[in-house]
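1. predicted coordinates and the sequence they were generated for:
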Amino acid sequence: MKLFLRLMNRLKRSITALFTWVATAIFGAQCVVMLLQIFMRRIINRPFVWAEDLVVLLFVWLTYLGAAILYSKGKLITVDLFVMALPKKVRAVTAVLVDAFVAVFSIYVFIQVLQFFSRQVQLGHKLGGALGLPSWTMTAALIASIASMGISSFVSILNRIFDPHPTR
């Protein structure tokens, strides 16, 4: 079980590291496109028609990846006033129950979003605007984020049950 737990923790860390790298690249690309658009609009007086569409798409990806990263690291904002008032053992059980809820909810949402994604692909819907990208390009961000959150919840449950006092 320890080997499986180590592998799952490594998977979680790898996904988080990948998402962090991609989110950093997306943020950089967003900054470059926005600065280029400002230059083209204000100095050259010939703005790019596609810049705002690309920045919005990148922002959606950045938001979903950021949420997955923060959830994986346990840094997502929570309201835990009630939970912190509970005894330590009850808090531990509550944490497992919350992780289980998030894992089950993630599976449900993942299935629903996959079905929506496949309909978007089949129908060939396009986003409005100059880029004319398929609408599934935004939905794919949600798929990645929900999958990551589900994996993080599952790994968290395993850690809380089988390794309640980690040494790492």
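-> Received it, and whenever you're ready, just let me know what you need.
2. I'd say residue 162 and residue 5 touch.
-> Yes. In terms of CB atoms under 8 Å, residue 162 counts as a neighbour of residue 5; the distance is 5.7 Å. C-beta coordinates here come from the backbone N, C-alpha and C atoms, glycine included.
3. for whichever strand or helix holds residue 98, what does the pLDDT average out to?
-> For residue 98, the host element (DSSP states H and E) is helix 88-123. The average pLDDT within helix 88-123 is 94.
4. check stretch 127-135 too.
-> 86.
5. what's the answer for stretch 45-55, then?
-> Mean predicted confidence for stretch 45-55 is 92.
6. repeat for stretch 70-80
-> 86.
7. ok, residues contacting that stretch?
-> 12, 15-16, 19, 67, 148-149, 152 (CB atoms under 8 Å, 6 or more residues apart in numbering).
8. which ones among those residues lie within helices?
-> 12, 15-16, 19, 67, 148-149, 152 (DSSP state H).
9. turn these into TSV, columns for neighbour count and pLDDT.
-> Converted to TSV, the ones in helices among the contacts of stretch 70-80 look like this (neighbours: other CB atoms under 10 Å; pLDDT from 0 to 100):
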residue	neighbour count	pLDDT
12	21	96
15	19	97
16	20	97
19	20	97
67	18	95
148	23	96
149	23	95
152	24	95
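10. burial measure for residue 72, as a count.
-> Neighbour count of residue 72, defined by other CB atoms under 10 Å: 23.
11. I'd like to know how far it sits from residue 99.
-> Residue 72 is 12 Å from residue 99, where distance means CB to CB, to the nearest Å.
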